[in-house]
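**Q** okay, predicted coordinates and the sequence, questions at the end:
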Amino acid sequence: MTSLRAPEVPAGVVRTRFCPSPTGMVHVGLMRTALFNWAHARHTGGQLVFRVEDTDASRDSEESYEHLLGSLRWLGIDWDEGPEVGGPNGPYRQSQRHDVYREVAAALLESGHAYESFSTNEEVDARRRAAGQDPKLGYDNADRFLTDAQKQAFRDEGRAPVLRLRMPDEDLVWTDLVRGEVRFAAGSVPDFVLVRGNGVPLYPFVNPVDDALMGITDVLRGEDLLPSTPRQLALYAALTEIGVANGTPRFGHLPYVMGEGTKKLSKRDPQANFDVYPERGFLPEGLTNYLALLGWSIAEDRDVFSPAEMVEAFDVTRVSANPARFDVKKAEAINATHLRDLPLPEFTSRVTPFLVGAGLVADPPTADQQAVLEAIAPLAQERMIVLSDAVGLLGFLFTDEVEIEPAAADKQLKAGAGAVLDAATAALTALGDWTTAAVETALKEALVEGLGLKPRNAFGPVRVAVSGRTVSPPLYESIELLGRERTLARLAAARRQAAD
RNA sequence: GCCCCCAUCGUCUAGCGGUCCAGGACGCCGCCCUUUCAAGGCGGUAGCACGGGUUCGAACCCCGUUGGGGGCACCA
């Protein structure tokens, strides 16, 4: 027997967990799972346990572990027990829990719930074929009742046994939090391996053991794990009988996050990599909102909400069971509305690191740069989708010379543009008072009235000359902020490039 | 092959037996506003996979079909 015991969890308290393996890239589907566990815990006033499943030394790395922590914190997910915060049920890294697994495995063997199995895969296959069965059926439970003499004979051959759990002879059923009742018929799941021949415990064993020992009440995970649930149910029953677990947790299997086509979003899909969102300047609250929409909805006629509102309303039971396609366009639209909702100072301070990163402003910005930034911020805010858009949109205000985008030149600096730029140059050169209003009046007089142009044709070339692009903040304000000298220099530079 | 999951506009979804000739959002299209592009406002486009039941009544319940996905390891 063992002294290992699950902690007492008061009735009604919800404890969820998030237990990734730190192997390389952080997948958006993984973060969606983390988010739902977090929301469920916070909504119910329960706890979220963070455990690291780093048992595969060849694939796990400290670097991706750190990276994962960073991604979680960036999204705004916090946990009550786990790495960095500790807790009474640690250690929270599986690589430090070998003794626990060894002890539980021994107790399971001793109690007869598990047994030693010596069959090789080849032998199992051969037996199934001999019986006219499909080898795909897997292990045939043949070693369940080996005698001590038989076991010894195998050992004498030099075989090291695996430890298998004896599956019960009854249907395995549970009420899934998102799918309702799910049933696997008795006998449809073979006795599975808990511990390898070399003594290394396997995922289907350590995962429920840790969940039990950490007092997890609600397991919310991807639907890819649904077929392994019957085995875990059997394991829980055994763990409960030997006094390690306090019963079986509730399970909820979250739908897949899909990529293009009909396939699950794979590591190869560029949008699967969580990093691209922070890098592009998605807002944590914007991405949280979008990720939440992948399988959940807050109300019939609403899909924009804050993380706090999500926590307030979240109900696992109302998570959809069907797979959701990750739609970058919609994610952008949701983010853009969060971006526009930001108070101006907040918006400005969030944009600044992106301008710094692009080398456009100093770190921290100079007083002049800060003044320009604050002046342009309200005008930029409503034409951006992600924070990094600021680099392209506002770059022209923070450089001496601007490079005109080829596409913009093709569009706006063709025939007729020369005359427009000449007229604009003349009007602005003569301008006394360099203010937005004066610039507006001067340009309208010179171009719309003077040249008889439609506004769209009149201001296109000027905009491209000044900003280098066809999309920019409002023109007159931009010109005022740019100042006379730089504006005239750019007009002249564009004039050299423009057709008459 | 066996087991399991899923099935409402192109996409994400609301709908949990009548209030649905199906609502919202993204996308797309058009109009308005307008100095460009956006944003905003207004309008439009488009869907209950199919077949049987159950019921006075079905997008909603049951069965089947079809389609899609996943699993069947001494990986996690």
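**A** Okay, I see it. Residues are numbered from 1 along each chain as shown, chains lettered A, B, ... in the order given.
**Q** around RNA strand B, pick out the residues from the stretch 301-450 of chain A.
**A** Contact residues of the stretch 301-450 of chain A with respect to RNA strand B, defined by Cβ under 7 Å from any atom of the strand, are listed as A:301-303, A:318, A:320-325, A:327, A:329-330, A:332-333, A:336-337, A:340, A:382-383, A:440. Placement of C-beta: from N, CA and C, glycine included.
**Q** same question, the stretch 51-200 of chain A
**A** So far as Cβ under 7 Å from any atom of the strand goes, the stretch 51-200 of chain A lies against RNA strand B at A:53, A:55-56, A:120-121, A:134, A:136-139, A:162, A:179-180, A:182-185, A:188, A:190, A:192-193, A:196-198, A:200.
**Q** can you rerun that using 6 Å?
**A** With the criterion set to Cβ under 6 Å from any atom of the strand, the stretch 51-200 of chain A comes near RNA strand B through A:53, A:55-56, A:120-121, A:134, A:136, A:138-139, A:162, A:179, A:182, A:184-185, A:188, A:193, A:196-198.
**Q** now those: which count as buried?
**A** The neighbour-count test (16 or more other Cβ atoms under 10 Å) applied to those identifies A:E53, A:T55, A:Y139, A:V162, A:R179, A:V182, A:F184, A:V193 as buried.
**Q** can you pull the contacts of the fifth one?
**A** When the contact criterion is Cβ atoms under 8 Å, 6 or more residues apart in numbering, the partners of A:R179 are A:H253, A:A321.
**Q** repeat that for the first one.
**A** Residues counted as contacts of A:E53 (Cβ under 8 Å, 6+ apart) are A:C19, A:P20, A:S21, A:Q94, A:Y203, A:V206, A:N207.
**Q** out of those residues, flag the one nearest to A:L475.
**A** Ranking the contacts of A:E53 by separation from A:L475, with Cβ to Cβ as the measure, puts A:P20 on top at 49.0 Å.
**Q** what separation do you get for the closest one and RNA strand B?
**A** Spatial separation of A:P20 from RNA strand B under the definition Cβ to the nearest atom of the strand, to the nearest Å is 8 Å.
**Q** so that residue lies in a strand, does it not?
**A** No: the assignment for A:P20 (DSSP: H, G, I helix; E, B strand; the rest coil) gives coil, which keeps it out of a strand.
**Q** what's around it, how many residues?
**A** A:P20 is surrounded by 21 other residues when neighbours are defined as other Cβ atoms under 10 Å.
**Q** leaving out chain neighbours, which residue sits closest to the residue of the stretch 401-500 of chain A found nearest RNA strand B?
**A** Using Cβ to the nearest atom of the strand, the single residue of the stretch 401-500 of chain A nearest to RNA strand B is A:P455, 3.2 Å away. Closest residue to A:P455 in three dimensions, ignoring its sequence neighbours and counting by Cβ to Cβ, 6 or more residues apart in numbering: A:V448, at 5.9 Å.
**Q** what bridges to the nearest residue to A:L294 once chain neighbours are set aside?
**A** Excluding the flanking residues, the one nearest A:L294 by Cβ to Cβ, 6+ apart is A:A324, at 4.2 Å. The partner list for A:A324 in beta bridges (DSSP bridges) reads A:V257.
**Q** how near is A:A324 to A:F251?
**A** Remark: distance between A:A324 and A:F251 (Cβ to Cβ, to the nearest Å) = 19 Å.
**Q** SS state for A:E123?
**A** Secondary structure state of A:E123, per three-state DSSP, is helix.
**Q** just to revisit the earlier point, spatially, which two of the buried ones among the residues of the stretch 51-200 of chain A next to RNA strand B are the most separated?
**A** By the measure Cβ to Cβ, A:V162 and A:R179 form the most distant pair in these, at 31.6 Å.
**Q** least trustworthy helix or strand in chain A by mean pLDDT?
**A** Across the helices and strands of chain A, the lowest-confidence element by mean pLDDT, DSSP states H and E is helix A:406-412, at a mean of 84.
**Q** what's in contact with the helix or strand containing A:E346?
**A** A:E346 is part of helix A:344-357, with elements assigned from DSSP states H and E. For helix A:344-357, the external contacting residues (Cβ under 8 Å, 6+ apart) are A:281, A:283, A:339, A:342, A:361-365, A:373-374, A:377-378, A:380-381, A:387-388, A:390-391, A:394, A:398.
**Q** got a pLDDT number for the nearest residue to A:V13 once chain neighbours are set aside?
**A** Leaving out its chain neighbours, the residue that sits closest to A:V13 by Cβ to Cβ, 6+ apart is A:G46, at 5.6 Å. Reading off the confidence values, A:G46 has pLDDT 97.
**Q** pretty sure A:G46 is touching A:G12, no?
**A** No: A:G46 is not in contact with A:G12 according to Cβ atoms under 8 Å; the separation is 9.1 Å.
**Q** so for the two, which sits in the more crowded spot?
**A** When neighbours are counted by other Cβ under 10 Å, A:G46 and A:G12 differ, and A:G46 comes out ahead with 18 against 9.
**Q** over to that one: give its phi and psi.
**A** Summarising the backbone geometry of A:G46 under the convention degrees, to the nearest 10, its torsions are phi -100, psi -160.
**Q** A:F50 now?
**A** Note on A:F50: backbone dihedrals following degrees, to the nearest 10 are phi -110, psi 120.
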